[in-house]
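*Asks:* Pasting the sequence and the predicted model now:
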Amino acid sequence: MASDSKTWITLLVVSAGALIVASGHSAQVSLAVTQDQSYRTTVNRAVALLPRRPQGVLIIDVEDAKAEDVDHLRKLQAFTLKGQSVVYLTKHGEALRAALTGSRFHEHMLATVIWHEMAHIEGADEHEARRREEELWTRFMLANAVERVAALNYLVMLETRQPIGLVE
């Protein structure tokens, strides 16, 4: 992506995003302009499931991105930008949309999506980020936090998914 991608992301977040500011062991969502409190509740619930909190999570509407970036961003549920410690969730992402309905299963799924992106922030490549995501999902299964058969099906999907190009 062009080097000015950070500019449009910043502007996009101001117009359409939500920011989680972590302090100590708690995290709170501070919404910019969006008036939908369900995003705040949903993301906070997912973040609470993580072994540790991310520095920041922003929800963006990819339809507001540059025209040349929209098609690529539509393929992503989440991403990070090199040199930043923020997880960007796409408003259209399947895990986020399903978690917004109150599905605990999908809140756990959203947590693993965030966890995957946190691995990238820490320098992990795609293989390692996927391994960490699958490991967290397995922990959720073993703790009976998610329905076992559906969770096993999702784990198989995680293990066999094809890579998607990375946004930098």
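*Replies:* Ah, there it is.

*Asks:* Report the contact partners of the residue nearest the centre of the chain.
*Replies:* Centroid-nearest residue in the chain: residue 114, 3.8 Å away (criterion: CA atoms, centre = their mean). Shown in contact with residue 114 (CB atoms under 8 Å, 6 or more residues apart in numbering): 46, 47, 50, 54, 57, 78, 87, 89. In this view, the C-beta of every residue, glycine as well, is placed from N, C-alpha and C.

*Asks:* If we use 10 Å, what do you get?
*Replies:* 20, 43, 46-47, 49-50, 53-54, 57, 77-78, 87, 89, 95-96, 133, 136 (CB atoms under 10 Å, 6 or more residues apart in numbering).

*Asks:* OK, contacts around residue 101?
*Replies:* 38, 42, 107.

*Asks:* same thing but 8 Å
*Replies:* With CB under 8 Å, 6+ apart, residue 101 has no contacts at all.

*Asks:* Could you do the one 4 residues further on as well?
*Replies:* The contact partners of residue 105, by CB under 8 Å, 6+ apart, come to 98, 146, 147, 150, 151.

*Asks:* Of those residues, grab the buried ones for PyMOL.
*Replies:* Only the buried entries of these go into this PyMOL selection, using 16 or more other CB atoms under 10 Å:
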select buried, resi 98+146+151
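
*Asks:* Take the contacts of residue 105 and lay them out in a markdown table including pLDDT and distance to residue 158.
*Replies:* Formatted as a markdown table, those follow (pLDDT from 0 to 100; distance: CB to CB, whole Å):
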| residue | pLDDT | distance to residue 158 |
| --- | --- | --- |
| 98 | 95 | 15 |
| 146 | 93 | 13 |
| 147 | 92 | 16 |
| 150 | 92 | 13 |
| 151 | 89 | 10 |
